[in-house]
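S.K.: structure for this input, please:
(4 chains)
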Protein chains: 2
Amino acid sequence: MNTSDEIEISQSEWETMRVIWTLQKATSHQIIEILEEKLGWKASTTKTYLGRLVKKGALRTSKNGREFIYQPMIEEQVAMDNASKSLFVHLCQHKVGTTLANLIDQIELSKSDIQMLIGKLEEKAQTAPDKVSCNCLPEDCDMDCKMEDM
Amino acid sequence: MNTSDEIEISQSEWETMRVIWTLQKATSHQIIEILEEKLGWKASTTKTYLGRLVKKGALRTSKNGREFIYQPMIEEQVAMDNASKSLFVHLCQHKVGTTLANLIDQIELSKSDIQMLIGKLEEKAQTAPDKVSCNCLPEDCDMDCKMEDM
DNA sequence: TTTTTAAGTTTACAAATGTAGTCTATATTT
DNA sequence: AAATATAGACTACATTTGTAAACTTAAAAA
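M.R.: Residues are numbered from 1 along each chain as shown, chains lettered A, B, ... in the order given. All right, here's what the predicted structure looks like:
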């Protein structure tokens, strides 16, 4: 399903990564404790995800006495960009504008984030097309699509 | 994993929904043909997804002679909003601004979408906080987090 | 040194997912 | 009316995912 070299991370694995990304390095003990408190996971559950993530190459460990130190092998921002990109690729192009707008309504952004985004958008406006068309059907789809609103 | 009454739609099911959302109504024949062309799916594969989507309540059918007419039971924009929302909920709050910016770099937006987004952001700026903090660890996490940059 | 603890490894198992072949019943064609 | 095409139902099966118990081994404590 994934032709590139990107590492696939499931939802639960993602939650595991978040704590390590945030702490930058952590022992399983810490990670287990946090995830037990945050999500109610059993220790073995977290251990499973940790093991899977190491196997996938998303984490690496270095031994330190009895414990291992877990560290991310992939950057959080890169992973976030990939995740958001690969969601939006599957959305109707024609509707991503509205989706973004609704999303912005829902999430928290700082004043400086907002300024940055406005800047980015103003720049993008220079070269933006007047309209974006739906890409939900194959390129050469000449069937009588009922796409009145496109 | 999903406590609400939202219908869970997998990646492949999503691709199936896209064509029906776009056509608004379609026979399995049309859908099969489109997905074979667009994604190389075998007829039975598409039939499986169609069946699963009907069972989940994402599609409904009405018989018309030998064929069935498939129609969406959930709105595309609503589904898109849910999908984007539930992705972003799992991202580090502290980094969503940058993620959004990178996303905007990657996708296509029309001039009017961009204007709309700028408007939305300007409005949001009024009440925006100066900074948003990371929510990757539990609320009352008093461990010695190495979160220098937050 | 012996015991205990705990970190990582193995095993388990159901549900979801991707993918597709086979069967059955019925609409359509001959 | 008989033959045929085909739509949807049923079956299949490997992989991934969520979830967690049991086991093993080595470090730490007694």
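S.K.: low-confidence ranges, chain A, go.
M.R.: Within chain A, the segments meeting pLDDT under 70 span A:1-5, A:140-150.
S.K.: if you set the cut-off to 80 instead, what comes out?
M.R.: Scanning chain A for pLDDT under 80 picks out the ranges A:1-5, A:139-150.
S.K.: so what are the domain limits for it?
M.R.: A:11-72, A:76-126 (automatic domain parsing).
S.K.: right, so of these, which gets closest to DNA strand C?
M.R.: domain A:11-72 (2.5 Å; C-beta to the nearest atom of the strand). Glycine gets a C-beta too; all of them are placed from N, C-alpha and C.
S.K.: any idea how far apart the tips of the closest one sit?
M.R.: Domain A:11-72 stretches 16 Å from its first residue to its last (C-alpha to C-alpha, to the nearest Å).
S.K.: hang on, residue A:97 in a strand?
M.R.: No - counting by DSSP: H, G, I helix; E, B strand; the rest coil, residue A:97 falls outside a strand, being helix.
S.K.: helix or strand: which one has the closest residue to it other than its chain neighbours?
M.R.: What sits nearest to residue A:97 in space, not counting adjacent residues and going by C-beta to C-beta, 6 or more residues apart in numbering or on different chains, is residue B:113, at 2.9 Å. Using DSSP states H and E, residue B:113 sits within helix B:111-126.
S.K.: tell me what that helix is packed against?
M.R.: In terms of contacts (3 or more C-beta pairs under 8 Å, 6 or more residues apart in numbering or on different chains; DSSP states H and E), helix B:111-126 is packed against helix A:96-106, helix A:111-127.
S.K.: with just CA atoms, put the longest one into PDB.
M.R.: Provided in PDB are the C-alpha atoms of helix A:111-127 (Å, rounded to 0.1, in the frame of the first residue of the first chain):
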ATOM      1  CA  LYS A 111      -1.400  34.700  17.000                       C
ATOM      2  CA  SER A 112       2.000  34.200  15.400                       C
ATOM      3  CA  ASP A 113       0.900  30.900  13.700                       C
ATOM      4  CA  ILE A 114      -2.100  32.800  12.200                       C
ATOM      5  CA  GLN A 115       0.100  35.600  11.000                       C
ATOM      6  CA  MET A 116       2.500  33.100   9.400                       C
ATOM      7  CA  LEU A 117      -0.400  31.400   7.700                       C
ATOM      8  CA  ILE A 118      -1.900  34.600   6.400                       C
ATOM      9  CA  GLY A 119       1.500  35.500   4.900                       C
ATOM     10  CA  LYS A 120       1.800  32.100   3.300                       C
ATOM     11  CA  LEU A 121      -1.700  32.400   1.900                       C
ATOM     12  CA  GLU A 122      -1.100  35.900   0.500                       C
ATOM     13  CA  GLU A 123       1.900  34.600  -1.200                       C
ATOM     14  CA  LYS A 124       0.100  31.600  -2.600                       C
ATOM     15  CA  ALA A 125      -2.700  33.800  -3.800                       C
ATOM     16  CA  GLN A 126      -0.400  35.300  -6.400                       C
ATOM     17  CA  THR A 127      -0.200  32.200  -8.400                       C
END
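S.K.: quick one, strands of chain A?
M.R.: A:26-27, A:59-64, A:67-72 (DSSP state E).
S.K.: need the contact list for residue A:94.
M.R.: Residue A:94 makes contacts with A:132, A:133, A:134, A:135, A:150, as judged by C-beta atoms under 8 Å, 6 or more residues apart in numbering or on different chains.
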